[in-house]
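Attaching a predicted model along with its sequence, questions to come.
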Amino acid sequence: MSEPATLEVRGLRASVEGKEILRGIDLVVRQGEVHALMGPNGSGKSTLANVIMGRPGYEVTEGRILFKGEDITDLSPDERARRGLFLAMQYPVEVPGVSVVNFLRTAYRAVKGEEISALAFRKLLKERMALLGVDDAMVNRYVNQGFSGGEKKRNEILQLAVLEPEIAILDETDSGLDIDSLKQVATGIAQLVGPNLGVLLVTHYQRILNYITPDHVHVMMQGRIVRSGGKELAHELETKGYEELRRELGLEEQVGATT
C-alpha cells in the first residue's frame, strides 16, 4: 500500500506588496485527514491558502512547501494542480461564454494530462452530479454567471469531485451562505471526504463543522498558527470567541487587516 500524499508547510513566511502576512507557518496535512483552519478576519488564512496553491502576487520570503516529498515552492499553480492539489476559491470568478460542463472537461484534461471522450466524461460527470445532487441545468450554464452564492460554492465542490485531487484546500467555502445553502455545500464535501482525499478547510465559524468532522483544528492569528487541537477546539472557540483566546495567549491587539 502506498504512503498517503502529504502536504508539508515548513517555516513559511510570505508577503503581499511588501507587507509580511505569514510569519512562520508549520503545518502537515495528510491524505485522508480533515484539518480545519480557523481564525478571525485578517489572520492570514486566505493568504496561506493562496500561497500553498502558488497564486501570483504572493511572495514567499522564507520556508518551503512540500507535496509528496517534492519541494513545490516555486512551481506554478497548474503544475501544483497536476500533482494533486486543489483550491476551492473564496470568491469564484465568472467565465462568460464557457459552460460548466466544457470548463470541467478542459480542466480534467489539463490536470490529468489525458484525453477523455465527450461520452466518457459525461458519464463521469453524471456520477459526480448524482453524488452531490447537482442537476443538468447548472452544468449547462456559463461558469458562475448569474449563479447564487450557494450555486457558486456547489460548483466548486463539483470541480473537486471531478478532478479528484489528493489534497484540497477549501477557502471559506461557507462564506456568505444561508443555512440551507451551507447544509447543501457541507453535505457535498462530507460525501467526498475519505481515505483518498485530505482537506484543509479554512473557515471563520464552527457551523460548517456541524456537518464535517475535523480530525485536527488549528487557530491562526497574526500570521501564525497559535493553537492546534482536536474537534473540541472548534467548540471552545465558538464559546469563548477569538478575543478571549487572544488575551489568554498574550497577543497584542491586531492593527490593520491582513488577507
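Perfect, thanks for sending it. A quick note: this is a predicted structure, and the numbers were derived from the prediction, not measured.

Let me see the ranges of the strands in the stretch 1-150 of the chain.
Taking DSSP state E, counting those that start in this stretch, the strands of the stretch 1-150 of the chain run over residues 6-16, 19-30, 34-38, 58-67, 70-71, 85-88, 95-99, 142-143.

How about the stretch 151-259 of the chain?
167-171, 198-203, 216-221, 224-229.

would JSON lines of these with mean neighbour count and distance to residue 76 be doable?
Every C-beta, even on glycine, is put in place using the N, C-alpha and C of the backbone. Listed next are these as JSON lines, based on neighbours: other Cβ atoms under 10 Å; distance: least, Cβ to Cβ, whole Å:
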{"stretch": "strand 167-171", "mean neighbour count": "26", "distance to residue 76": "16"}
{"stretch": "strand 198-203", "mean neighbour count": "25", "distance to residue 76": "20"}
{"stretch": "strand 216-221", "mean neighbour count": "22", "distance to residue 76": "26"}
{"stretch": "strand 224-229", "mean neighbour count": "16", "distance to residue 76": "26"}
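
Format those as JSON lines; extra columns: distance to residue 95 and mean pLDDT.
JSON lines is the format used below for the strands of the stretch 151-259 of the chain (distance: least, Cβ to Cβ, whole Å; pLDDT from 0 to 100):
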{"stretch": "strand 167-171", "distance to residue 95": "18", "mean pLDDT": "97"}
{"stretch": "strand 198-203", "distance to residue 95": "23", "mean pLDDT": "96"}
{"stretch": "strand 216-221", "distance to residue 95": "31", "mean pLDDT": "96"}
{"stretch": "strand 224-229", "distance to residue 95": "34", "mean pLDDT": "96"}
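
Tabulate the ones you listed in CSV, adding columns for distance to residue 51.
Formatted as CSV, the strands of the stretch 151-259 of the chain follow (distance: least, Cβ to Cβ, whole Å):
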stretch, distance to residue 51
strand 167-171, 10
strand 198-203, 12
strand 216-221, 13
strand 224-229, 14
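
wait, which of those is closest to residue 90?
Closest to residue 90 of the strands of the stretch 151-259 of the chain is strand 167-171 (Cβ to Cβ; 4.4 Å).

and the closest one, what does it pack onto?
Applying 3 or more Cβ pairs under 8 Å, 6 or more residues apart in numbering; DSSP states H and E, one finds that strand 167-171 contacts helix 45-53, strand 85-88, helix 149-163, strand 198-203.

how about the ones you listed in TSV, adding distance to residue 113?
Below are those laid out as TSV (distance: least, Cβ to Cβ, whole Å):
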stretch	distance to residue 113
helix 45-53	18
strand 85-88	15
helix 149-163	12
strand 198-203	21
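
Thanks a lot, see you next time.
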